[in-house]
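Engineer: got a structure for you, letters missing:
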């Protein structure tokens, strides 16, 4: 079962990194000027990082700095989920002509 989990995490990581590169290229970087676009890019990149860390931990269980990198990645994910809530409330309370 661990091998299947590792394969799925590898596929997930590859899909996230593909999306990050494709989104950057296809938008020409315009995502940087939009809060929603920045959030999508940051969230997907962080999810890709977490999936990569899962695979890396399976292949190289005690790589240097593992605890620190994992803590930063999870803290960033929590911050991004909170920011997603902020964006939701901003969008729901925006005047109708801005939606």
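Structural biologist: Happy to help now that I have it. Model, not experiment: these values are computed from the prediction.

Engineer: quick one: buried residues of the helix or strand residue 3 falls within?
Structural biologist: Per DSSP states H and E: residue 3 is located in helix 2-27. Using 16 or more other Cβ atoms under 10 Å as the test for burial, helix 2-27 gives 9-10, 12-13, 16-17, 19-20, 23. C-beta: built from backbone N, CA, C; applies to glycine.

Engineer: any weak-confidence spans in this protein?
Structural biologist: Along the chain, segments meeting pLDDT under 70 span 96-99.

Engineer: tell me the secondary structure for residue 62?
Structural biologist: Using DSSP: H, G, I helix; E, B strand; the rest coil, the structure places residue 62 in coil.

Engineer: from now on call the first residue 8
Structural biologist: Happy to do that; since the first residue is 8 now, the last one works out to residue 69.

Engineer: For burial, what's the neighbour tally of it?
Structural biologist: 7 (other Cβ atoms under 10 Å).

Engineer: Ramachandran angles for it?
Structural biologist: For residue 69, the backbone dihedrals (degrees, to the nearest 10) come out as phi -120, psi 50.

Engineer: if I look at it, how far off is residue 51?
Structural biologist: 28 Å (Cβ to Cβ, to the nearest Å).

Engineer: same thing with residue 59?
Structural biologist: 12 Å.

Engineer: so which strand or helix has the residue nearest to residue 38 when sequence neighbours are not counted?
Structural biologist: Closest residue in space to residue 38, ignoring its immediate chain neighbours: residue 44 at 3.2 Å, by Cβ to Cβ, 6 or more residues apart in numbering. For residue 44, the element it lies in under DSSP H and E is helix 42-66.
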